[in-house]
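Engineer: the following comprises the amino acid sequence and a computationally predicted model.
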Amino acid sequence: MKIPEPGDRKKELTARRNQKMARSLHAYMRGTTAHYYEWLNGQRSDLLPRGPDIWICGDCHLGNLGPLANASGQVDVQIRDFDQAVIGNPAYDLVRLAMSLAAAARGSMLPGIVTVHMLEHLMEGYEQALIQRGKRTVVQKPEEIKTAVRGADQRSWKKMAKQQVIDAQPAIPLGKNFWPLSQDEKNSLATLFESREVLHLIATLRSHEDDGKPKILDAAYWVKGCSSLGPLRYAVLLQTKGEKPCLIDIKEAVRALAPHAEDAVMPRDNARRVLDGARHLSPALGKRMAPHHLAGHSVFVRELLPQDLKLDIDQLHKEDAITMARYLAYVVGRSHASQMDMATRKEWRRELGLDRRKSLAAPSWLWSCVVKLIAHQETGYLEHCRKYVSGAETRP
């Protein structure tokens, strides 16, 4: 493929995003966060239970959960994307996760009965997190999750470099995933790694005194994700004195689409909002991040570790689908519950249980939302595919 020059990126990124979204209903759903909230905003105000105002992911789908390592190297599944993080209603995360699982089930040709049971177990897993007091995991991990965690735990820098198509020299070869930088971008990145805040982050991660300037071995524009195709994103190979190279991800922080509580006190700067969300929802990752500005854009800087992986689950297996829903809802529930005292947890559990029938463990509000959203997204997905085939949506 011809690698676009910096001035030609926008057209190619739009084309690639449209191509990814045409692959499946689940892929389309991941790329249309705005449609999700547009639909919710068009519904009755009492459609969802009113939860406590806490930090939420705001875009809580399967691809935004995955193994992460903490400072001591322990790996666990956590929320791993905070672009949409705001202080708001935790029900938004629950519905978004439920819709993601339902879309994955449809794409996996699983019968509707499986989706019904998935939503029941999703609620059970989430509520279990609200009840639990200790840190010990009490919800069974599905085999697919166990495999992902083992793979993350055994992943080395060399393997990460290979999977990210980074040379062992080390260098970043230009191609499908990495594009060249302009001289202005190179200069801006060099300035960024001279800032006190970023230098302090690197020094903290490397456990040494903040007394040396790291060396940029290589850098490139990073073509990564689906909904994130468009905002600035850079991969930087960094060398600090006496240490192995590290891979730094620099990503533009854009305005959140998720609605926030009216009286929420959040940073006005988007990168600082993302950082606050990460530190409340997944502290292990939040401690590896720092906000900054790059050429007039708000960005956040984070070190990627070999153990950091997303859950790449486009196909759900019948045997694991139900336990997957229960466990992932438990993971999200732990992040939410960590921000609540016991009285707030109890009240939130009571609120979640309203409109629950004896014949169905999942409350009617959740089932109704998922059914209507899937129908809404299916219509949007098919229309996207029609435009894509006809050329109305740009193709690469």
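Structural biologist: Here it is on my side, so go on.
Engineer: strands of this protein, start to end?
Structural biologist: 54-56, 65-69, 75-79, 86-88, 178-179, 215-222, 233-239, 246-252, 289-294, 297-304 (DSSP state E).
Engineer: could you dump the ones you listed to a markdown table with distance to Trp39, mean pLDDT and mean neighbour count?
Structural biologist: Using the backbone N, CA and C atoms, a C-beta is placed for each residue, glycine as well. Formatted as a markdown table, the strands of the chain follow (distance: least, CB to CB, whole Å; pLDDT from 0 to 100; neighbours: other CB atoms under 10 Å):
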| stretch | distance to Trp39 | mean pLDDT | mean neighbour count |
| --- | --- | --- | --- |
| strand 54-56 | 17 | 98 | 27 |
| strand 65-69 | 22 | 89 | 23 |
| strand 75-79 | 22 | 90 | 22 |
| strand 86-88 | 16 | 97 | 23 |
| strand 178-179 | 34 | 91 | 21 |
| strand 215-222 | 31 | 92 | 19 |
| strand 233-239 | 27 | 90 | 20 |
| strand 246-252 | 26 | 91 | 21 |
| strand 289-294 | 31 | 92 | 20 |
| strand 297-304 | 28 | 92 | 21 |
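Engineer: take those strands and write them to CSV, including distance to Asp276.
Structural biologist: Output for the strands of the chain, formatted as CSV (distance: least, CB to CB, whole Å):
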stretch, distance to Asp276
strand 54-56, 7
strand 65-69, 17
strand 75-79, 14
strand 86-88, 9
strand 178-179, 30
strand 215-222, 24
strand 233-239, 21
strand 246-252, 16
strand 289-294, 9
strand 297-304, 11
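Engineer: ok, the closest residue to Ala103 other than its chain neighbours to His61 distance?
Structural biologist: Counting by CB to CB, 6 or more residues apart in numbering, the nearest residue to Ala103 once its immediate chain neighbours are dropped is His26, at 4.4 Å. Using CB to CB, to the nearest Å, His26 is found at 8 Å from His61.
Engineer: residues in contact with the closest residue to Met123 other than its chain neighbours?
Structural biologist: Once flanking residues are discounted, Met123 sits nearest to Ala362: 5.3 Å by CB to CB, 6+ apart. Contact analysis of Ala362 by CB atoms under 8 Å, 6 or more residues apart in numbering lists 116, 119-120, 122-123, 356.
Engineer: also Leu281?
Structural biologist: 55-57, 78-79, 82, 85, 335.
Engineer: how about low-confidence regions in the stretch 1-150 of the chain?
Structural biologist: 1, 71, 134-137 (pLDDT under 70).
Engineer: circling back to that earlier point, a markdown table for the contacts of Leu281, including distance to Ile202?
Structural biologist: Listed next are the contacts of Leu281 as a markdown table, based on distance: CB to CB, whole Å:
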| residue | distance to Ile202 |
| --- | --- |
| Trp55 | 26 |
| Ile56 | 29 |
| Cys57 | 26 |
| Gln78 | 22 |
| Ile79 | 24 |
| Phe82 | 20 |
| Ala85 | 23 |
| Ser335 | 26 |
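Engineer: buried ones in the lengthiest helix in the chain?
Structural biologist: In the chain, assigned by DSSP state H, the helix with the most residues is helix 364-390. For helix 364-390, a neighbour-count test (16 or more other CB atoms under 10 Å) marks 365-367, 369-370, 373-374, 376-377, 380-381, 384-385, 388 as buried.
Engineer: pLDDT and distance to His260 added to the residues you listed, as TSV?
Structural biologist: Formatted as TSV, those follow (pLDDT from 0 to 100; distance: CB to CB, whole Å):
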residue	pLDDT	distance to His260
Trp365	90	21
Leu366	92	22
Trp367	90	26
Cys369	92	20
Val370	93	23
Leu373	92	21
Ile374	92	26
His376	92	23
Gln377	91	23
Gly380	92	25
Tyr381	92	28
His384	92	28
Cys385	93	33
Tyr388	89	33
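Engineer: would you reformat those residues as JSON lines and include distance to Pro90?
Structural biologist: What follows is the buried residues of helix 364-390, written out as JSON lines (distance: CB to CB, whole Å):
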{"residue": "Trp365", "distance to Pro90": "14"}
{"residue": "Leu366", "distance to Pro90": "13"}
{"residue": "Trp367", "distance to Pro90": "18"}
{"residue": "Cys369", "distance to Pro90": "14"}
{"residue": "Val370", "distance to Pro90": "16"}
{"residue": "Leu373", "distance to Pro90": "17"}
{"residue": "Ile374", "distance to Pro90": "21"}
{"residue": "His376", "distance to Pro90": "22"}
{"residue": "Gln377", "distance to Pro90": "21"}
{"residue": "Gly380", "distance to Pro90": "25"}
{"residue": "Tyr381", "distance to Pro90": "27"}
{"residue": "His384", "distance to Pro90": "29"}
{"residue": "Cys385", "distance to Pro90": "33"}
{"residue": "Tyr388", "distance to Pro90": "35"}
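Engineer: thank you kindly, that will do.
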